[in-house]
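A.B. asks: Okay, predicted coordinates and the sequence, questions at the end:
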Amino acid sequence: MGDDERAIRDLVDRWIIATKAGDTDAVLELIADDALFMVRSGMFGKEAFRAGSESLRDRTIEGSAEIREIHVEGN
């Protein structure tokens, strides 16, 4: 496994751990300021993600991720 693939897998692991812990600030640190999330209803950015996460603060969130394939190109 290359360094880039390991970095991607580590980021996903940190995201899941922070989400389960309810640590919105830690998750936000993993998101670029210009990131866009694409969902069926449209797109939203980091600030909308923050607002949505804050509205769920009193709830327990469980999740998991299964990375099936990573292909890194470029420098």
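C.D. replies: Nice, thanks for sending it over.

A.B. asks: distance of the spatially most central residue of the chain from residue 73?
C.D. replies: The chain has residue 15 as the residue nearest its centroid, 5.1 Å off, counting by C-alpha atoms, centre = their mean. Taking C-beta to C-beta, to the nearest Å as the measure, residue 15 falls 23 Å from residue 73. No exception for glycine: its C-beta is placed from N, CA and C like everyone else's.

A.B. asks: Which secondary structure element is home to the residue nearest to the centre of the chain?
C.D. replies: Per DSSP states H and E, residue 15 falls inside helix 3-20.

A.B. asks: Please save the CA atoms from the next helix or strand after that helix in CSV.
C.D. replies: Using DSSP H and E, the next helix or strand after helix 3-20 towards the C-terminus is helix 24-29. Taking Å, rounded to 0.1, in the frame of the first residue of the first chain, the C-alpha atoms of helix 24-29 are listed here in CSV:
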residue,chain,number,x,y,z
THR,A,24,-17.8,17.9,15.0
ASP,A,25,-14.7,20.1,15.2
ALA,A,26,-12.4,17.2,14.5
VAL,A,27,-14.5,16.2,11.5
LEU,A,28,-14.5,19.8,10.2
GLU,A,29,-10.7,19.8,10.4
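
A.B. asks: Packing partners of helix 24-29?
C.D. replies: Judged by 3 or more C-beta pairs under 8 Å, 6 or more residues apart in numbering; DSSP states H and E, helix 24-29 is in contact with helix 3-20, helix 46-55.

A.B. asks: Show me which residues of it are buried.
C.D. replies: Across helix 24-29, burial judged by 16 or more other C-beta atoms under 10 Å covers 24, 27.

A.B. asks: Now do the helix or strand following that helix: which elements does it pack against?
C.D. replies: Using DSSP H and E, the helix or strand that follows helix 24-29 towards the C-terminus is strand 36-39. In terms of contacts (3+ C-beta pairs under 8 Å, 6+ apart), strand 36-39 is packed against strand 42-45.

A.B. asks: strand partners of the strand it packs on, parallel vs antiparallel please.
C.D. replies: strand 36-39 (antiparallel) (DSSP bridges).
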